[in-house]
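Undergrad: Predicted structure and sequence below. I'll ask about it afterward.
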Amino acid sequence: MARDQIDMTPLTSRDELVAWVAAGEKPKDQFRIGTEHEKTPFRLSDHCPVPYEGPRGIGALLNGMQHLLGWEPIMERGNIIGLYDVTGGGAISLEPGGQFELSGAPLETVHQTRAELVAHLAQVREIATPLGIGFLGLGMAPSWSRAQIPMMPKGRYRIMTNYMPKVGHLGIDMMYRTCTVQTNLDFSSEADMVKKLRVSLALQPVGTALFANSPFTEGKPNGFLSFRSEIWRDTDNARAGMLPWAFEDGMGYERYVDYALDVPMYFIKRGDEYIDVAGSSFRDLFAGKHPAVPGERATLSDWANHVSTIFPEVRLKRYLEMRGSDSGPWERLPALPAFWVGLLYDDSSLDAAWQMVKGWSAAERQQARDDVPRLGLKAKVGGRTLLDVATDCLALARAGLKRRNLLDREGRDETRHLQPLEEIVATRQTPAEHLLARFHGPWNGSVEPAYRENVF
C-alpha cells in the first residue's frame, strides 16, 4: 500500500465499517483493473542489496523519480518513502527491504496495464542505471541473507519487524526478501463480491503455480517452486490463509468486517507517529478501551490502515486483491490481470469458474494451497492436477477476454496478454522449474547469472 490513509472521522458503529466496504460497489461499466508489482533493487557492480542512504541509495532513486515524474513525494520524518500521482492515481512505494513497488492506476484494459508497466520501467531505468542500480524480476531475493538486507525508514516496518517473530517463523523473510505481483478488481454488489471472492480464493493456488518463481534462498535451491508462497504459510496465520468461512452461508460484507475486527492490529497512526499496538484487537480500539490509547476512538483512517495489514490469499478492501503470485519478468506481469479479468469480469466465465470450484471442500482447497509451493502444477484439487485446472481456467479467461473485445491500436484483443501463461501450461513447467534447469545446467550451480538474465 502506497500511503497510510488520513481520515480522522471517529467511528461510532460497526455499520460504518460495513458501509465503508460496500462503498466500493461500482456499475459494471466502471470496473477498473489495478496492478501492483514489486521488484528487488540490487547493485549492478556486486549484486548486493541497495541501502536507503547515500548518493546511490534508494532515497536518491526516489528523489530522482520525483524530479522526473513530478509526482507528489510521500514523506516520513524527513525521508522520502514514496511517490503519488495526484492526477492518475498510481503510486510508487517501498517495501521493508527496499523492494520497489508500483501500485498502478485504475485502468480500463489490460493493454493500458502493459503500457503503464513499460513506461514505469523505462522511467525507473533512466534514474536507476546512472546510480548503478538494477531490478530483479524474481519472487524472492536469490542470494541474500536476512542480515544483509537494509530496513527502509518507515515506522510501520519497525513495528512489524518486532512483531513477526512472535507469530511465525518466516514473516521477516516475507517482509525483506520477497516480491509479488497482484491484481485488484471491482465488484458491482455484495453478491457479486462474494462470488468473485469464492472463485478467486479457490483458484488462487492456480495463480501461485503459474507464477511460481522463487526456488532459491541464499544461493541454493530451497526445495520449493514458490518459496514466497510457502513463507506465507508460516508468517502470521491469524491474518493470512484461504478464508474457509467465506464459502459458508451468510457470507457478505458483515462477515468480512467481523473477521477483520478480530485480526490483531500492528499499529495506529496519530499525526506523524506510529503507535505500536501489535497483537491487540481493533474491537478494543473501536470500543474506546485500547490500553495504548485510553479513551481514544477508532477513526476511518485506523480502519483503512488495519484492513491493509490483513494478508489472506484474496483480500477485500473496497475492491478484491489477488495476492497469490510471485513477481517475475516484466513480460509475464500483464498476464496476471489478463488471467483474473478474463475469469472474473465476464459473467459467463465467472459462472463457469464457479461451477468448476463449487464442489471442492475446504479441506481440498487447503490441501492445494499447502501443496502448491512445493509441487506447483503437479499439486491436486478435487482429484485433478492444477495443470488440468489451469488449462481450463486459461480457456475460460481467453473466452472472457475475447467477449470483452477491447482492442489495442493494432486491433488485437486482450487475449494476447495470456500468452506467457499458455506457454507455461503447454510446456508443463513453472517458471521456477525453468530457473532450476538453468541453475543445474548453464549456470553451473550459481545463482549469480539470475541477476543478468532476470533483470528488468
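TA: Received the coordinates, thanks. Just so it is clear, the structure is predicted and the values come from calculations on it, not from any experiment. Numbering: from 1, shown residues only.

Undergrad: only C-alpha atoms for contact and neighbour calcs from this point on.
TA: OK.

Undergrad: where does the stretch 1-150 of the chain have low pLDDT?
TA: Counting by pLDDT under 70, the stretch 1-150 of the chain shows low-confidence ranges at 1-6.

Undergrad: can you do 90?
TA: Under the criterion pLDDT under 90, the flagged ranges of the stretch 1-150 of the chain are 1-10, 87.

Undergrad: buried residues in stretch 139-150?
TA: Within stretch 139-150, the residues that count as buried by 16 or more other Cα atoms under 10 Å are 139, 140, 141, 142, 143, 144, 149, 150.

Undergrad: so how far does it reach from one end to the other?
TA: Using Cα to Cα, to the nearest Å, the end-to-end distance of stretch 139-150 comes out at 18 Å.

Undergrad: Check stretch 322-336 too.
TA: Terminal residues of stretch 322-336 lie 9 Å apart, using Cα to Cα.

Undergrad: which helices and strands sit right next to the top helix by length along the chain?
TA: With secondary structure taken from DSSP state H, the chain has its longest helix at helix 190-211. Taking 3 or more Cα pairs under 8 Å, 6 or more residues apart in numbering; DSSP states H and E as contact, the helices and strands that helix 190-211 lies on are strand 314-316, strand 320-326, helix 347-357, helix 362-375, helix 386-404, helix 419-427.

Undergrad: what packs against the fourth one?
TA: This points to helix 362-375. With contacts taken as 3+ Cα pairs under 8 Å, 6+ apart, helix 362-375 sits against helix 190-211, helix 227-232, strand 380-381.

Undergrad: The third one too?
TA: Using 3+ Cα pairs under 8 Å, 6+ apart, the elements in contact with helix 347-357 are helix 190-211, helix 335-344, helix 386-404.

Undergrad: quick one: the shortest one to helix 190-211, angle?
TA: Relative orientation of helix 335-344 and helix 190-211, computed by axes from the mean of the first three to the mean of the last three Cα atoms, to 10 degrees: 140 degrees.

Undergrad: Off-centre distance for helix 335-344?
TA: Here helix 335-344 shows a centroid-to-chain-centroid distance of 15 Å under the convention Cα atoms, centre = their mean, to the nearest Å.

Undergrad: Show me what it is in contact with.
TA: For helix 335-344, the surrounding residues in contact (Cα atoms under 8 Å, 6 or more residues apart in numbering) are 33, 35, 110, 181-183, 185, 196, 207, 349-350, 353, 393-394, 396-401, 414-415, 417-421.

Undergrad: could you give me the average pLDDT of it?
TA: When pLDDT is averaged along helix 335-344, the result is 98.

Undergrad: how big is the angle separating that helix from helix 347-357?
TA: Here helix 335-344 runs at an angle of 90 degrees relative to helix 347-357 (the same axes, to 10 degrees).

Undergrad: residues in contact with the spatially closest residue to residue 219 that is not a sequence neighbour?
TA: Excluding its sequence neighbours, the residue lying closest to residue 219 (Cα to Cα, 6 or more residues apart in numbering) is residue 143, at 4.3 Å. The contact partners of residue 143, by Cα under 8 Å, 6+ apart, come to 216, 217, 218, 219, 220, 447, 448.

Undergrad: Could you save those as CSV and add columns showing distance to residue 314, secondary structure and neighbour count?
TA: As requested, the contacts of residue 143 are exported to CSV (distance: Cα to Cα, whole Å; DSSP: H, G, I helix; E, B strand; the rest coil; neighbours: other Cα atoms under 10 Å):
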residue, distance to residue 314, secondary structure, neighbour count
216, 25, strand, 26
217, 26, strand, 19
218, 29, coil, 13
219, 31, coil, 16
220, 30, strand, 15
447, 31, coil, 22
448, 33, coil, 16
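
Undergrad: of those, closest to residue 432?
TA: residue 216 (9.0 Å; Cα to Cα).

Undergrad: got a pLDDT number for that closest one?
TA: 98.

Undergrad: what residues are up against it?
TA: Applying Cα under 8 Å, 6+ apart, one finds that residue 216 lies in contact with 140, 141, 142, 143, 222, 227, 447.

Undergrad: Contact partners for the second one?
TA: Spelled out, it's residue 141. Residue 141 touches 40, 177, 178, 214, 216, 217, counting by Cα under 8 Å, 6+ apart.

Undergrad: on that earlier part again, okay if I get the contacts of residue 216 as JSON lines plus secondary structure?
TA: Below are those laid out as JSON lines (DSSP: H, G, I helix; E, B strand; the rest coil):
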{"residue": "140", "secondary structure": "strand"}
{"residue": "141", "secondary structure": "coil"}
{"residue": "142", "secondary structure": "coil"}
{"residue": "143", "secondary structure": "coil"}
{"residue": "222", "secondary structure": "coil"}
{"residue": "227", "secondary structure": "helix"}
{"residue": "447", "secondary structure": "coil"}
